[in-house]
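Chemist: build me a model from this:
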Amino acid sequence: MMIPACRLADLPRGEAFRLDIDPPVSVFHTVDGEVFAIDDTCTHQDASLADGWLEGCEVECPLHASTFDLRTGAVDAPPAKLPVRTHEVVVEDGMVYVRLSTDAPNLPPCVTARLAGGPA
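Modeler: Sure thing, here's the model as predicted:
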């Protein structure tokens, strides 16, 4: 299923857009003009990667500075140990669409507990 995210013209290069779905997804527009989508939640602790710092094809988590590769989801710096999911991005007629991965997300324990109805 393709989810409309935003108009490409409304997502400046070097910025991110957060899709408020469950779990949230971030769409990043790099300075070089590439567009990527990854799970928005850092796998270490509950922090929005859309609020992080984008450099090249990596985003740094604003909470504890873990970095994730936007192309693969791989963790490039601790304290996070697990990758984030990546999602397919299609830009068509100026609109950015995201096709969600069918893989299970790697969410931090505090988010997993909250989603299961336990204490956060």
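Chemist: residues contacting residue 67?
Modeler: 58, 59, 60, 61, 75, 76, 77 (C-beta atoms under 8 Å, 6 or more residues apart in numbering). Where C-beta positions appear, they are placed from N, C-alpha and C, glycine not excepted.
Chemist: let me know whether the third one touches residue 51 as I believe.
Modeler: No - distance between residue 60 and residue 51: 10.3 Å, which falls outside the contact criterion (C-beta atoms under 8 Å).
Chemist: between the two, which has more neighbouring residues?
Modeler: Between residue 60 and residue 51, counting by other C-beta atoms under 10 Å, residue 60 is the more crowded of the two (18 against 14).
Chemist: tell me the contacts of the more buried one?
Modeler: Neighbouring residues of residue 60 by C-beta under 8 Å, 6+ apart: 52, 53, 66, 67, 77.
Chemist: so what's the last one scoring on pLDDT?
Modeler: Residue 77 carries a pLDDT score of 90 in this model.
Chemist: next: the third one.
Modeler: On the pLDDT scale, residue 66 is placed at 97.
Chemist: and residue 110, helix, strand or coil?
Modeler: Here residue 110 takes the helix state, with states given by DSSP: H, G, I helix; E, B strand; the rest coil.
Chemist: ok so, going back, distance to residue 1 and secondary structure added to the contacts of residue 67, as a markdown table?
Modeler: Formatted as a markdown table, the contacts of residue 67 follow (distance: C-beta to C-beta, whole Å; DSSP: H, G, I helix; E, B strand; the rest coil):
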| residue | distance to residue 1 | secondary structure |
| --- | --- | --- |
| 58 | 28 | strand |
| 59 | 24 | strand |
| 60 | 30 | strand |
| 61 | 28 | coil |
| 75 | 27 | strand |
| 76 | 30 | strand |
| 77 | 33 | strand |
